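Asks: Here's a sequence, model it:
(chains A and B)
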Amino acid sequence: MKFILSSVLICSCLLSSLSAVAQLLPEIPSLEQAVKDGTLPAMQQRLPINPAKADFTNKTIGQYGGSIRMLMGKSKDIRMMTVYGYARLVGYDEKLQLKADILEKVDVEEGRIFTLHLRAGHKWSDGVEFTSEDFRFFWQDIATHPVLSPYGPPHEMMRSEKIPLFEVIDKYTVRYTWQQPNPYFLPALAGPSPLFIYMPAHYMKQFHADHTSKDEMEHQIELAKKRNWRGVFVSKGRQYKLTNPELPTLQPWVNTTSLPSERFVFKRNPFFHRVDPQGQQLPYVDEIIMNISSSGLVPAKTGSGESDLQARYLRLDNYTFLKAGENNNNYKVNLWGTGRGAHIALYPNLTAKDPKWRALMQNADFRRALSLGVNREEINQVIYFGLALPMVNTVLPDSPLYKEKYAQSYAQFDPVSANKLLDTINLHRRDARGIRLFPDGSPVEILVQTAGESTEETDVLALVKDNWRRIGIQMYIKPIQREVLRNRIFSGAAIMTTWFGLPNGLPVAQMSPQELAPTRQDQLAWSQWGRHYETKEGESPTLPKVKKLVELNEAWTRAATDDEKTEIWHQMLEIHASQVYSIGLVSAILQPLVVNKALRNVPEKGFFNWDPGAFFGIYNMPSFWYATDKEPK
Amino acid sequence: MPSYIVKRCLTMIPTLIIISILVFIIIQLPPGDYLESYIAELESQGESVDPQKIAFLRQEYGLDKPLWEQYYVWISGFVQGDLGYSFEYNLPVAEVVGDKMWLTIAVSFVTIFVTWLIAFPIGMYSATHPYSWGDYGLTFLGFLGLATPNFLLALVMLYLANQYFGTSIGGLMDSEYINQPWSLDKAKSVLAHLWIPVVVIGTSGTAGMIRRLRANLMDELRKPYVVTGRAKGLGEFKLLTKYPLRLSLNFFIADIGSLLPSVISGAEVVAVVLSLPTTGPLLLSALQSQDMYLAGSFLMFLAILTVVGVLISDIALAMLDPRIRLQGGMQK
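Replies: From the prediction side, this is the model:
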């Protein structure tokens, strides 16, 4: 009893001291009127009892106001606000460590029991409290609902045939229990396009047939011109795509414009849960404005000062043009890094349909020779102003898993060794042009298929083509449409393709190494084997080293300690370095980032990467602010 | 005459049915469907898609059904005024096209009007002063407009307008006026942007019109009735406008057939380059992403306008020019 009393006392003391702080803090100017009118509670009541303190290392305390204008190529791109806003249950920080964000904390036991603790008093953007009911609603009424999810819960939540056990502990605590460890769960929650395991139950129930009368539901279907209630529900509840301005959200800015439109205005979420070190509620900037323009015009418009924060649709070759407009248009151009393992990589198709080519592509010495036959420094100098890194497709130097021997493995231009290698694998005969011949007499002519939407790829390939002539390999370049390309890879009709390298070039050991093993059909080097892993149909991997990769990937999911995980990563990277499953041409391309000169807290140096990174997401966009109180011009 | 119109109207029905089938087949011809181009697009940006979700969407959009069934659903809805559903926008097609239609019509009408305003005086001048310096000079200018690629001209004009007048690049108005109610400032902003597409699209149309008017008019000017008129003391201008000009305008009425659809589709390429909020880029992107109901309904709409436009111009020609006989047209 005494204990309870004292804790109540402490609590009330804490509360009063908190409210004392609140009185000191000024209200956000743009919300002052609403608070005075009583349509909006004061800042202290809008924040959770224990708000998320944002990390302000190397950042300054800001002031409120202003709007950030951005340019997007399609109205569908407004989903980027969910990426940039990056309010996640758990999210990566700038050092790529997982931290609780929306959650107060998360307890993990044995890698399989996840207890999520919500922040008491945290509210949706419409002011309704965010509680375990929102998780229950998602789990029972959506993820395991026979009509809404005929295929069961999202695959990140399925470690075996059996669905996890979901429990509501109290109003602010929920628990998920798997039978095996699930290392995919937290990274999926932290993803740029995250796994949403909650939904605003109070709003979405009106579109759910189990919670609404039949007449009302039919009226809704009629209104939305949908075929059934499932269609209505899905279209009203797109938490990632933000197409419904009425949908409550937890993100820092809330969409106020419905589609179709050429201009979208995102207003501040008055109930956002993060605060700066002084306890002032974020975000600083009042609104984000997205103007839709054809993507080809984005560099030109940015260069004339029509965007305050722009990286999407800008490429390195726009750099000089953008730089020229810097002074006239009050912006500066930063160069950020990118996070892909390689900017462009060649993928020999190990599961090509033609047996002759399949055998050749599966020959490690052939792939090594091709890699040695590429002059990466030449590509870097000719096309990328020497600003990129001439290395193969592996993790980048900024990753803790990086080793120079991975990056430089078969990366040096060495036509002599390449020719020697090719001579030893029964390709020593040549025709009159000097092109090597298969034992059956047909020339080794490789058709490289590329989704040629930009001339950049074909320019790079033209250089590789010249290089390969010196080792007696003829290359032809064929640009085709992306969707056609995909299907040709899946069927094995394409023998070599280009794409970017590892999607995540900045991994830490806690991130899944599944991209290094055949796990998905859309992996270009071994799409058939990836399909086999996904669906258990088709053919399974035949090469012992590839089988080893699959085993290692499985072992990673069971690994208990970080040391073990690191060890597995290194083994897999080692195999990739020696086996050259893909031929990375150039890495670490720089990304121009145009920033309004008055905009503060945007890092000079950073990574513009999808996952991990969520582009501006990990840099806490709500902490960006304008140094003048004037509207940016 | 009435029986002619009824017959023409009846032949429109099979024509439109054939067009609808063709449109549907051609949209489906490229490999894959909307979802596959959707996945490919997401992947090019580095995003990945949950295969379960794709299976779900395929079912939801009815893409798992056979082609003829998809066609039937679309066309039976279309006849009842339901244009179908756009996958790309997650909205009914009518809503997607809605607002854009008015801006497109505005741009088209201004363009057409400006084209006439320039082409008529020049055409008349060239015909009455053939083979003179003025004729050659103006014709040269017209050909220059015809020969310059529109997209190039558009880019150059964009740059110049931005450099010298400070006009924001692309679009039909400054971005702060989008979704705002109409005001004087908004109208000014629209006018500041409107002249670029009008000039760009107009230049190509002008040359063609000048040449046709000149050719038709010159044929007429040599005829004896002109000589007679002049001999009887008619003023040169009155003589020109009263008889030969009217007779040489046949081509102008015949143009209505192709004019109607172009009013609502606009000049696609220029609109894409200038990022105009008109229907042209919408149609193009719908075709690219195989958003089949949006593209299909739009193309059908254009087809209907073409068919109706041709009918109107035929009727108008028959009524305005007594030399044209209906029977001849029917025998063809």
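Asks: Pull up the residues of the stretch 501-633 of chain A that are close to chain B.
Replies: A:503, A:522, A:534, A:610-611 (Cβ under 8 Å from any Cβ of the partner chain). Glycine gets a C-beta too; all of them are placed from N, C-alpha and C.
Asks: Inside helices: which ones of those?
Replies: Judged by DSSP state H, these include A:Glu534 as members of helices.
Asks: Just give me the closest of the residues of the stretch 501-633 of chain A next to chain B to A:Ser295.
Replies: Nearest to A:Ser295 among these is A:Trp610, at 17.0 Å by Cβ to Cβ.
Asks: Thought A:Gly505 was touching the closest one, still the case?
Replies: No - counting by Cβ atoms under 8 Å, A:Trp610 sits too far from A:Gly505 to count as a contact (10.9 Å).
Asks: Pick out whichever of these two has more residues nearby.
Replies: The neighbour count for A:Trp610 versus A:Gly505, taken as other Cβ atoms under 10 Å in any protein chain shown, is higher for A:Gly505 (28 against 21).
Asks: pretty sure the more buried one is in contact with A:Ala345, am I right?
Replies: No - if you go by Cβ under 8 Å, A:Gly505 and A:Ala345 don't touch, sitting 11.0 Å apart.
Asks: give me the residue from the stretch 51-200 of chain A nearest chain B.
Replies: Distances between the stretch 51-200 of chain A and chain B by Cβ to the nearest Cβ are smallest at A:Tyr151, namely 4.5 Å.
Asks: and that residue, what helix or strand is that in?
Replies: Of the helices and strands defined by DSSP states H and E, none includes A:Tyr151.
Asks: Give the closest residue to it in space, chain neighbours not counted.
Replies: B:Gln52 (4.5 Å; Cβ to Cβ, 6 or more residues apart in numbering or on different chains).
Asks: ok, now which ones touch that neighbour?
Replies: The neighbours of B:Gln52, taking Cβ atoms under 8 Å, 6 or more residues apart in numbering or on different chains as the test, are A:151-152, A:154-155.
Asks: again, only this time at 10 Å
Replies: By Cβ atoms under 10 Å, 6 or more residues apart in numbering or on different chains, the contact list for B:Gln52 reads A:149-155, A:158.
Asks: With B:Ala271 instead?
Replies: Contact partners of B:Ala271, counting by Cβ under 10 Å, 6+ apart, are A:294, B:104, B:107, B:154, B:172, B:197, B:200-201, B:265, B:277-284.
Asks: on that earlier part again, ok, the residue of the stretch 51-200 of chain A closest to chain B touching B:Lys53?
Replies: Yes - with contacts counted by Cβ atoms under 10 Å, A:Tyr151 reaches B:Lys53, the gap being 8.8 Å.
Asks: all helices for the stretch 1-150 of chain B, in order.
Replies: Secondary structure of the stretch 1-150 of chain B (DSSP state H, counting those that start in this stretch): helices at B:2-28, B:34-44, B:51-60, B:67-79, B:93-128, B:133-147, B:150-160.
Asks: Name the residues of the first one that come out as buried.
Replies: Spelled out, it's helix B:2-28. Of all the residues in helix B:2-28, those buried under the rule 16 or more other Cβ atoms under 10 Å in any protein chain shown are B:8, B:19-20, B:23-24, B:27-28.
Asks: Straight-line length of stretch A:61-75, end to end?
Replies: 33 Å (Cα to Cα, to the nearest Å).
Asks: in it, what counts as buried?
Replies: Neighbour counts over stretch A:61-75 (16+ other Cβ under 10 Å) mark A:62-75 as buried.
Asks: Check which helix or strand B:Leu259 maps to.
Replies: Assigned by DSSP H and E, B:Leu259 falls in helix B:256-265.
Asks: average pLDDT for that helix?
Replies: What helix B:256-265 shows for mean pLDDT is 76.
Asks: Report the contact partners of the nearest residue to B:Glu268 once chain neighbours are set aside.
Replies: Closest residue in space to B:Glu268, ignoring its immediate chain neighbours: B:Gly280 at 3.7 Å, by Cβ to Cβ, 6+ apart. With contacts defined as Cβ under 10 Å, 6+ apart, the neighbours of B:Gly280 are B:100, B:104, B:107, B:262, B:264-272, B:274.
Asks: what do you get if the cut-off is 7 Å, keeping everything else the same?
Replies: By Cβ atoms under 7 Å, 6 or more residues apart in numbering or on different chains, the residues touching B:Gly280 are B:265-268, B:271-272.
Asks: interface residues of the stretch 201-350 of chain A facing chain B?
Replies: A:225, A:231, A:235, A:243, A:257, A:259-263, A:291, A:293-294, A:297, A:300-301, A:304, A:306 (Cβ under 7 Å from any Cβ of the partner chain).
Asks: go again using 6 Å as the cut-off
Replies: Applying Cβ under 6 Å from any Cβ of the partner chain, we find that the stretch 201-350 of chain A lies next to chain B at A:225, A:235, A:243, A:259-260, A:262-263, A:291, A:293-294, A:297, A:300-301, A:304.
Asks: Tell me how far B:Asp219 lies from B:Pro244.
Replies: Distance, B:Asp219 to B:Pro244, by Cβ to Cβ, to the nearest Å: 9 Å.
Asks: same check, this time on A:Ser235
Replies: From A:Ser235 across to B:Pro244, the span is 61 Å (Cβ to Cβ).
Asks: The two: who's more crowded?
Replies: B:Pro244 (24 against 18).
Asks: Skipping its backbone neighbours, what lies nearest the more buried one in space?
Replies: Leaving out its chain neighbours, the residue that sits closest to B:Pro244 by Cβ to Cβ, 6+ apart is B:Glu220, at 3.6 Å.
Asks: cool, B:Met292 as well?
Replies: Leaving out its chain neighbours, the residue that sits closest to B:Met292 by Cβ to Cβ, 6+ apart is B:Ile27, at 4.9 Å.
Asks: Repeat that for B:Ile312.
Replies: Residue nearest to B:Ile312 in three dimensions, not counting chain neighbours: B:Ile256, with 5.7 Å by Cβ to Cβ, 6+ apart.
Asks: Point out the residues in the stretch 351-500 of chain A that sit beside chain B.
Replies: Taking Cβ under 6 Å from any Cβ as the contact definition, the stretch 351-500 of chain A meets chain B at A:482-484, A:486.
Asks: Recalculate using a threshold of 8 Å.
Replies: Counting by Cβ under 8 Å from any Cβ, the residues of the stretch 351-500 of chain A that sit close to chain B are A:451, A:453, A:481-487, A:500.
Asks: So which of the residues you listed are in helices?
Replies: Among those, DSSP H puts A:482-487 in helices.
Asks: farthest-separated two in those residues?
Replies: Spatial extent of those (Cβ to Cβ) is set by the pair A:Arg482 and A:Asn487 at 10.0 Å.
Asks: Same drill for those two, tell me which one is more crowded.
Replies: A:Arg482 (20 against 16).
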